[in-house]
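*Asks:* any chance you can model this:
(chains A, B and C)
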Amino acid sequence: MYPYIPNTPQDEQEMLQAIGLDSMDLLFEDIPKDVRLTRPLNIPPSKSELEVSSYLKSLADKNCSVSRMACFLGAGAYDHYIPSVIDAIISRSEFYTSYTPYQPEISQGTLQYIFEYQTLISNLTGMDLANASLYDGGTAVTEAALMACAYSRKGEIIVSAGVNPQARRILKTYAHAQNLKVVEVETKEGVTDAERLNELISDETAAVIVQNPNFFGLLEDLKTLGEIAHKGKKVSMIASVNPISLALLKKPGELGVDVVVGEGQPLGIPLQFGGPYLGFMAVKKDYMRKLPGRIAGETTDLDGKRSYVLTLSAREQHIRREKATSNICSNQGLNVLAATVYMVTMGKEGLREAANQCVQKAHYAFNELTESGKYRPLFDKPFFMEFALTSDVDADKINKALLEEKIIGGYDLGRDYPQYKNAVLYAVTEKRTKEEIDKLRRVLEGVK
Amino acid sequence: MMKYYNKLIFELSKPGRKAYSLPALDVDEKPLNNLIPTEFLTDKELNFPEVSEVDVIRHYTNLSNKNYGVDKGFYPLGSCTMKYNPKINEAAARYDGFANLHPLQEEACVQGALQLMYELEKSLCEIAGMDRFTLHPAAGAHGEITGIMLIKAYHDKRGDFKRNKIIVPDSAHGTNPATAAMAGYSIVEIKSYENGLVDLEALREAAGEDTAGLMLTNPNTLGLYDRGVKEIANIVHEAGGLLYYDGANMNAIMGHARPGDMGFDTVHYNLHKTFSTPHGGGGPGSGPVGCKEILAEFLPVPLVGKREDGTYFLDYDVPDSIGKVKDFYGHFGILVRAYTYILMMGNDGLKKASEMAVLSTNYIKEKLKDYYHLPIDTLAKHEVVFGGLKDKSTGVTTLDIAKRLLDYGYHPPTVYFPLIIDQALMIEPTETESKETIDGFIDAMIAIAEEAKSNPELLKTAPHNTIVRRPDETKAARNPVLKYEG
Amino acid sequence: MKVLEGLYYSKSHEWVKVDGEEAFIGITDYAQEHMGDIVYVELPEVDDEFEKEDSFAVVESVKAASDVYLPVSGIILAVNQALEDDPAILNADAYENWIVKIALNDKAELDELMTSEEYEKFLAEEA
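*Replies:* Below you'll find the model as predicted:
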């Protein structure tokens, strides 16, 4: 017997009898002999919960979790504070053991939190509407670009070198498959080169993609870049943004951005070695019918009660098949709930306070780390909570020295930008303390 | 009787309330505009609610009460494999060393995570009969596009650029054609035989020099094992195309047959179906993609490798890789859950799971076929498709039956899919339901069939006992209200 | 099912009302009834040019989306903006509410379409 298979041998016999078969084996007689597997699968036999959990704990313990260290690593995933209410809510099995809300009568919980999430994301980004989420920030950039191509019926995408390198690689993978052209616009002193963008915009351009704060942590002039982008006909200005930053920064909606995407992990989702996270997408009204992914909407039921349903589904694969706006047929469900609970828990003041602490601590760290002159700012531009420092010391050596002192160092920019060898990108969230930052300085000063 | 709850979180907001707490800032605070130039800063307040922690917990607990999940009861949603989600999975994914690991940490710091991914890949390969797996894809549809891009890369590398078509049977999931189009292919849809199996003649006619590949699920969306699969593979391979296996229905055959042995070149699993990771109200799922050796050189980067000294590493050395399809390495938290399940079940348990899933399906089929129209009465695998009520005279539709099932406390089956069966009702019980549970469902279905004769109005106006009744989808789509305006 | 006299009809259930060198195009009563409650019409842009039998618009109901094909080739002169605000008018009267107005490229193409009598017969056969 197995804990998740309740039927007893007696049940099995009764059921077999009911269908008129003598043995379980006959249930598979429609599979021809030449493809029947006649040996046991070469994986270990079943185990008890105690054995499995002790083995998995041993694997988990081989990892150095950020909870036991001071983490200054960001580059797309961030060690923010996660309020305890989130796990309490997402652990409710009415939420996590349900499917996509196809039957609205028994899915109002899911549908309503999606509706709340769409509202919060719309308000945060200053856009007209949001979808129910996409896989992650990187694929959201690609989905936005594909939507822009469908919207404009054009096939060239201009992407800033300041966009997360992972997102750009994903974009290139998909663009290659669809014969779309991806053109990169370089950065100048760390931010998107506006003059160069101006030269690149053409009648073929479908989209311009920038990130803010960009991969180097610097603030981009979205307004100017958007104005340049909109010189082309039906060009979509796409901005990938950090949601926490929007508590303080001007909203993309105020700056002429058409499509806002971003990585939702900072909104209460644990790092968990890279996923599952959450891609958010919010747009101007014109894009409503071209949006990929699920969307919840408000309506009334037979008795006139306010209720929620999945809506605008004629965009989607199960109806439009090969003409669908995307093949996506899920959202990040439970992570949408986590982000929703995060946003309402932090609320109007809390998100602002968290964002302010990130900015204050990051700037304190920047000043401390650059004071002696051993580590120099890679760029001299305003930044949010991440900044790059360069030095004569090998990035790998720095991070090894930090690790010995239980500090997770920054991201080695040389991995993606050969011209920035030995430059390290540090992220400072509200979770870091002055003590940790001061220790980071001490250890860095000591690295030879 | 519980009080009906109908508030949005925004309607609970009261200025000055808060649900968060943060430590006092321990560095000297500077005016924000000294740190960030004013032109970047907003002067608007954030339009977010102000509520207490108690408000948050009560609100979302109340919302959870409006949901139905596998933990509440039977969820026979066809093609979704709504099996029970073991609790050890949830515990394991929350172990500190898994949950709080940054994806860009040094290799030495993440050995346990890499080892888990390495071992999971090996298990997935063995179960599917494949040589390698990428764990990156976030969901089934994401797996599909990854697999199709592998096929494209294969043909491209051979300079075989004339192959611009993907063959898809008409019984396929809607994602299949959408995926092929997303990968830049045009679609050739081929008819199925009346029994839902691939029409070999139609396939022979469709396959040719322009065939890049075929997408197929086996057992198919009618829950039937396609005996012709080896012949199908031969036809496509002889035409120079490759075969993609949509693993949505893998729960039918674990330990009994493997897509690799049937002739498929690439395959995706839905870990949230077959390997018991929770559906989460729509996600996050995970859709790893496996392939035979001929396609391994195109897999997305990074793969997980093991050195001779026993250490694990992220392997970016895949020169012909299609590139990246996903941030980082996939949904690691879901991978932990799926691996936990595989360890718990073992080779014996997985095999048993498929047996019980198939047994329960056939049991339901036998018990209901006198009441519901069964278009194809042969041995079923993990799911069975009925075409509405046997007695069509009442005017009661599949939708009415589904809505009436809600009154009986069950999640309805999948309705109106596959498209090739009129009034389709697709039932997938999975192995995690007891005979008593299944008998209860069968009784409800029979009672509904009786009601359809005695009191059809009761069904046409169902549901009657749910908190809301048939929300108006037309209104929602005509005048979309997609956010709360206050 | 209503079929108006004096219009041209296509097998994919569009109608054409000729006005000199121009024509109005819409979907037939049969088409709207078949679609059910129409929730959205995706319209082309003025000056877009289409070949005969090209898809120029999409009509969406809750559970379906159907391409609308241009029965004859032409250039879009105007689109019916009223459909954007209230797509339900197509259900109310599919003949009164045209979708686009086009400049005809070749009036000879009209000869290949059905008359109202022929279309009625066609519908009867379809059923």
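
*Asks:* in chain A, which residue sits nearest chain C?
*Replies:* A:Ala314 (3.8 Å; Cβ to the nearest Cβ). Yep, even glycine has a C-beta here, placed from its N, CA and C like the rest.

*Asks:* which ones are touching that residue?
*Replies:* Neighbouring residues of A:Ala314 by Cβ atoms under 8 Å, 6 or more residues apart in numbering or on different chains: A:320, B:477, C:39-40, C:58, C:60-65.

*Asks:* one more: B:Val51?
*Replies:* Contacts of B:Val51 (Cβ under 8 Å, 6+ apart): A:344, A:347, B:9, B:12-14, B:17-19, B:59.

*Asks:* give me the secondary structure label for the residue of chain A closest to chain C.
*Replies:* Going by DSSP: H, G, I helix; E, B strand; the rest coil, the secondary structure assigned to A:Ala314 is helix.

*Asks:* need the pLDDT of it.
*Replies:* Note on A:Ala314: pLDDT of 77.

*Asks:* how near is it to B:Leu12?
*Replies:* 34 Å (Cβ to Cβ, to the nearest Å).

*Asks:* helices of chain A, start to end?
*Replies:* A:9-19, A:49-61, A:84-90, A:93-96, A:108-125, A:137-152, A:165-177, A:194-200, A:222-229, A:317-320, A:333-370, A:395-404, A:434-446 (DSSP state H).

*Asks:* same question for chain C.
*Replies:* In chain C, the helices defined using DSSP H lie at C:29-35, C:82-85, C:89-92, C:116-126.

*Asks:* equivalent analysis for the stretch 1-150 of chain B, please.
*Replies:* B:32-35, B:53-64, B:87-93, B:96-99, B:111-128, B:140-157 (DSSP state H, counting those that start in this stretch).

*Asks:* near chain A at all, the fifth one?
*Replies:* Yes: looking at helix B:111-128 against chain A by Cβ under 8 Å from any Cβ of the partner chain, the contacts come from B:111-113, B:115-116, B:122-123, B:126-127.

*Asks:* just the buried ones out of the residues you listed, please.
*Replies:* B:111-113, B:115-116, B:123, B:126-127 (16 or more other Cβ atoms under 10 Å in any protein chain shown).

*Asks:* enumerate every residue touching the most centrally placed residue in chain C.
*Replies:* For chain C, the residue nearest the mean C-alpha position is C:Gly26 (2.5 Å; Cα atoms, centre = their mean). The neighbours of C:Gly26, taking Cβ under 8 Å, 6+ apart as the test, are C:14-15, C:17, C:90, C:94-95, C:97-99.

*Asks:* the same query, at a cut-off of 7 Å, please.
*Replies:* C:14-15, C:94-95, C:97-99 (Cβ atoms under 7 Å, 6 or more residues apart in numbering or on different chains).

*Asks:* quick check: it vs A:Glu368, distance?
*Replies:* Counting by Cβ to Cβ - C:Gly26 and A:Glu368 are separated by 71 Å.

*Asks:* and of the helices of chain C, who's closest to A:Met281?
*Replies:* helix C:82-85 (23.1 Å; Cβ to Cβ).

*Asks:* of the helices of the stretch 1-150 of chain B, which is nearest A:Ala175?
*Replies:* Short answer: helix B:140-157, nearest of those by Cβ to Cβ, at 11.5 Å.

*Asks:* now residue 83. Nearest residue, chain neighbours left out?
*Replies:* Using chain A here. A:Thr345 (4.8 Å; Cβ to Cβ, 6 or more residues apart in numbering or on different chains).

*Asks:* let's do chain C instead
*Replies:* Nearest one to C:Leu83, counting by Cβ to Cβ, 6+ apart, is C:Val41 at 4.4 Å.

*Asks:* how close does the one you found sit to A:Ile295?
*Replies:* Taken as Cβ to Cβ, the span from C:Val41 to A:Ile295 is 19 Å.

*Asks:* and these two? Which one has more around it.
*Replies:* Set side by side, C:Val41 and A:Ile295 give different neighbour counts by other Cβ atoms under 10 Å in any protein chain shown, the larger being at A:Ile295 (25 against 22).

*Asks:* ok, the more buried one touching A:Thr311?
*Replies:* Yes: in terms of Cβ atoms under 7 Å, A:Ile295 counts as a neighbour of A:Thr311; the distance is 5.8 Å.

*Asks:* okay, now B:Glu451: neighbour count?
*Replies:* 20.
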